[in-house]
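[1] Need a 3D model of the following:
(chains A and B)
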Protein chains: 2
Amino acid sequence: MTSKDWRIGVAGLGTVGAGLLTFLSERPGFAPAGGRVSVTGVSARSRSRPRPFDISNLPWFDDPVALATSPDVDIFVELVGGSDGPAKAAVEAALNAGKPVVTANKALIAEHGAELAALAEAKGAPLLFEAAVMGGVPAVKMVREALVGDDIRSIAGILNGTCNFILTEMEATGRSFGDVLAEAQRLGYAEADPTMDVGGFDAAHKISILAALAFGCAPNYAAAEIEGIDQVDLLDIKLARDLGYRVKLVASADRSPDGVLVRVHPSLAPLNHPLAQAGGALNALFIEGARIGRIFVQGPGAGAGPTAAAVAADIADVMTGAVRPVFQAPASSLSPFTPVDPSKSVGRAYLRFMVKDEPGVIAAVSETLAEAGVSIESFLQKPVENTEGVPIVLTTHAVAESVLMAAVERIAGLSSVLERPRLLRIARI
Amino acid sequence: MTSKDWRIGVAGLGTVGAGLLTFLSERPGFAPAGGRVSVTGVSARSRSRPRPFDISNLPWFDDPVALATSPDVDIFVELVGGSDGPAKAAVEAALNAGKPVVTANKALIAEHGAELAALAEAKGAPLLFEAAVMGGVPAVKMVREALVGDDIRSIAGILNGTCNFILTEMEATGRSFGDVLAEAQRLGYAEADPTMDVGGFDAAHKISILAALAFGCAPNYAAAEIEGIDQVDLLDIKLARDLGYRVKLVASADRSPDGVLVRVHPSLAPLNHPLAQAGGALNALFIEGARIGRIFVQGPGAGAGPTAAAVAADIADVMTGAVRPVFQAPASSLSPFTPVDPSKSVGRAYLRFMVKDEPGVIAAVSETLAEAGVSIESFLQKPVENTEGVPIVLTTHAVAESVLMAAVERIAGLSSVLERPRLLRIARI
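    Okay, here's the model as predicted:
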């Protein structure tokens, strides 16, 4: 490839878009094989909205599709967001025109990655999305390129900074989920509609992308089992801590001969474990492979600087002219992974029961568990103020999820049990 | 690039070479853009030596240079080792013939990287060396490609697994450096001649390579300040622990307006710090950038599996046809970094003095430090069995290295001080 100039079109001018424009204006010569980079078109919902970066000198496009297909654009950068609508239309238009696409859009890749990969490869246009997962931490590059020489078995980590911030604050300050969420929204760490983050959907998008890269499958977001942190009770954070654990929103993907299990759950990590120690808005990831052993990586998972740096790295990657599949395997051979039935998965769990403070309750609970075949690992009964009834908490030995769920249902039906039992998984890390 | 077949020549058939041959035989179809991979030539010092992989069916070359230039080889893999001699001759021959080179040779790249990069770029042949640093952890790829969108300020970490194993074992078992080294040699974790590892030279090669990638300079191994672990005393490991620290061999590269400081030193890391918690043969690395914040990565830094996986990833990278500079900047613009005078660097330190058990000694030591301008942060005097004299240990506040050294010299000259003071730096992490 000869040294050439590269003309970038940027659709979406929020935090990341402004960060990218700032970066490109500061380092116009960062093209790895030489040449210079210039922004030759921008598009956003509003042209006049105040922004940290002056766009008045940049060619404006009302329609991101027009920007994506402009003859003045060599690389199209999509920072609009959303799995469908203008983001998808513009990415498809750019790929159809044979233009390389760089996107930070996890929903788009997780939900439409296979068809977009097929289009990109048919047109010979790279489709890169480093910024979609873990912000500035190069998780996508690591899995797609660096670990191509391995058979990856499992991936597990903290992929949503907003949830990690909220859980960290709940534990540190003793405030409820609702209180901390409201503060995070005031500080701009959480969206006005926080559902994507706190519902676990954002983490599920990200782990679906990593699973596809790691296992050579198409992303299969529809198969992900998703539970957010909106039901996490401060009481469980405290009691888990008494048992030596910290509650984290863990996203995981495990491959077995039966298929792939992709899940997002509030889960318990031992206090001395690196995942438990990744506090605040940090993201953290374990990757385990047959040859490579276990690799751990941690860093800021969001924010203008890290995310814009990831987008810039993808732009640089396009400039190298590298030709590789969008996922691990060519799109023509990608198929959605076979989901493993979660009820057959085996793991340890944390259970909390609120019970009447009367004789025989512990016996009733523990007998019910024993009859169901659930073996108790640790047990804690502790007086807690301001609660109706008394909490009994316990951790189990490894047990099939179907067995555990049946036991929980039976205990929920006991007359001495006051509310729905709470179940948190203990992370397999 | 069309799907094509790739013919690999492998020189050097030790642990990593055998691991690579195993990998390539197990996954011949791993080429990212399609095609198949086959080994079309091997070379090593001895053809008949017993190996875990049968080479009798592979074309044999007595001379690695002949293998490197064979018309039957598309990619030359150099696993011979050593900064000069046959490794360098074969790599130069391959590049001169326009053939892509993949190497795990940290000494070669650290000491001759700039000239090899110039040759590689002149011939349009990739020169890749992921396996040279941190084994299967993609540190090279992260710094060269993923963080190209950032200004990296500093890199610090544990880059030699042998030293980390020895230090971990010394602390865990209370045995001396010599005892643990002998065991590591028996187990195959340390070479018969352990100088490269325990002298800090291997870690210095690796940090010199990372510094070049991060800061856009030529590798400048000659400018690295190097201290190994062979002088680390078990007593200091114990006393540091009493003060809340763990002794690690830390390699670091810091960029400032004055230049770059590359150092390898046994250093103290706080017990709750991720570097302190990376035990055994693990490697670990912090990368700090202006935009990206701090990224931490940890994993197995050596071994046949991880290292062969890294070589395979580089082979896959060659197949993508990516064109980029060998280091961060084109070879034509590479110059060695300006080394910062270490005596001007400012940091905290741990000092141990063995003193006569007599009145006035603490006063004499502390007065000497105060007069020299060294401010004490913490102080510990503790009776220790089986030592001549009494150890006084202390940590200092941040102080210029020249000031600290002058103070140490003056204390060494006090009549009540029995042996050379021991100095360990506190890692700036």
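[2] can you pull the contacts of the residue lying closest to A:I292 once chain neighbours are set aside?
    The shortest distance from A:I292 to any non-neighbouring residue, by CB to CB, 6 or more residues apart in numbering or on different chains, is to B:G136 (4.1 Å). (C-beta placed from N, C-alpha, C; glycine too.) Applying CB atoms under 8 Å, 6 or more residues apart in numbering or on different chains to B:G136 gives the contacts A:147, A:150, A:289, A:291-293, A:295, B:299-300, B:303, B:305-307, B:309-310.
[3] please redo it, this time with the cut-off set to 7 Å
    Listed by CB atoms under 7 Å, 6 or more residues apart in numbering or on different chains, the contact partners of B:G136 are A:292-293, A:295, B:299-300, B:306-307, B:309-310.
[4] Quick one: end-to-end distance for stretch A:27-39.
    End-to-end distance for stretch A:27-39: 12 Å, by CA to CA, to the nearest Å.
[5] if we can go back for a sec, looking at the contacts of B:G136, which is nearest A:A131?
    Within the contacts of B:G136, the smallest distance to A:A131 is 20.4 Å, found for A:I295 (CB to CB).
[6] ok but the closest one is inside a helix, no?
    No. With DSSP: H, G, I helix; E, B strand; the rest coil as the criterion, A:I295 is assigned strand and is not in a helix.
[7] Can you select the buried ones from the contacts of B:G136 in PyMOL?
    Selecting only the buried entries of those in PyMOL, with 16 or more other CB atoms under 10 Å in any protein chain shown as the criterion:
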select buried, (chain A and resi 292+293+295) or (chain B and resi 299+300+306+307+309+310)
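[8] Tell me which of the contacts of B:G136 fall in strands.
    Residues of the contacts of B:G136 located in strands (DSSP state E): A:293, A:295, B:299-300.
[9] could you dump these to TSV with distance to A:A132?
    Listed next are the ones in strands among the contacts of B:G136 as TSV, based on distance: CB to CB, whole Å:
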residue	distance to A:A132
A:G293	26
A:I295	20
B:G299	23
B:P300	28
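[10] tell me which residues of stretch A:229-243 are tucked away?
    Going by neighbour count (16+ other CB under 10 Å), the buried part of stretch A:229-243 is A:229-230, A:232-240, A:243.
[11] So what touches it?
    For stretch A:229-243, contacts defined as CB under 7 Å, 6+ apart pick out A:163, A:166-167, A:170-171, A:174, A:176-177, A:198-199, A:246-247, A:249, A:266, A:268, A:350, A:352, A:378, A:380, A:382, A:384, A:391, A:393, A:395, A:422, A:424.
[12] Can I get the buried part of these as one PyMOL selection?
    Filtering these down to the buried ones (16+ other CB under 10 Å) takes a single PyMOL command:
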select buried, chain A and resi 163+166+167+170+171+177+198+199+246+247+249+266+268+350+352+391+393+395+422+424
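[13] Could you tell me which of the contacts of stretch A:229-243 belong to helices?
    Taking DSSP state H as the definition of helices, the contacts of stretch A:229-243 contribute A:163, A:166-167, A:170-171, A:177, A:198.
[14] Looking at those, which one is closest to B:D54?
    Of all the ones in helices among the contacts of stretch A:229-243, B:D54 sits closest to A:C163, with 51.3 Å by CB to CB.
[15] Contacts only, for the closest one.
    Taking CB under 7 Å, 6+ apart as the test, what A:C163 contacts is A:197-198, A:229, A:249.
[16] residues from the stretch 51-200 of chain A in reach of chain B?
    Within reach of chain B by CB under 7 Å from any CB of the partner chain, the stretch 51-200 of chain A has these residues: A:136-138, A:141-142, A:145-150.
[17] Format those residues as JSON lines; extra columns: secondary structure and pLDDT.
    Converted to JSON lines, those look like this (DSSP: H, G, I helix; E, B strand; the rest coil; pLDDT from 0 to 100):
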{"residue": "A:G136", "secondary structure": "coil", "pLDDT": "89"}
{"residue": "A:V137", "secondary structure": "coil", "pLDDT": "95"}
{"residue": "A:P138", "secondary structure": "coil", "pLDDT": "95"}
{"residue": "A:K141", "secondary structure": "helix", "pLDDT": "95"}
{"residue": "A:M142", "secondary structure": "helix", "pLDDT": "95"}
{"residue": "A:E145", "secondary structure": "helix", "pLDDT": "90"}
{"residue": "A:A146", "secondary structure": "helix", "pLDDT": "86"}
{"residue": "A:L147", "secondary structure": "coil", "pLDDT": "85"}
{"residue": "A:V148", "secondary structure": "coil", "pLDDT": "83"}
{"residue": "A:G149", "secondary structure": "coil", "pLDDT": "76"}
{"residue": "A:D150", "secondary structure": "coil", "pLDDT": "84"}
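[18] And what about the spatially most distant residue from the centre of chain A, helix, strand or coil?
    Distance from the centre of chain A peaks at A:P359, with 45.0 Å (CA atoms, centre = their mean). At A:P359 the chain is in coil, as set by three-state DSSP.
[19] Just the endpoints, please. Distance across stretch A:124-141?
    Start to finish, the residues bounding stretch A:124-141 are 19 Å apart (CA to CA).
[20] ends of stretch A:95-110, how far apart?
    In stretch A:95-110, first residue to last residue: 17 Å (CA to CA).
[21] What of stretch A:209-229?
    Stretch A:209-229 has an end-to-end distance of 21 Å (criterion: CA to CA).
[22] gap between that stretch and the chain center?
    Taking CA atoms, centre = their mean, to the nearest Å, one finds stretch A:209-229 lying 10 Å from the centre of the chain it belongs to.
[23] now stretch A:353-365
    Here stretch A:353-365 shows a centroid-to-chain-centroid distance of 39 Å under the convention CA atoms, centre = their mean.
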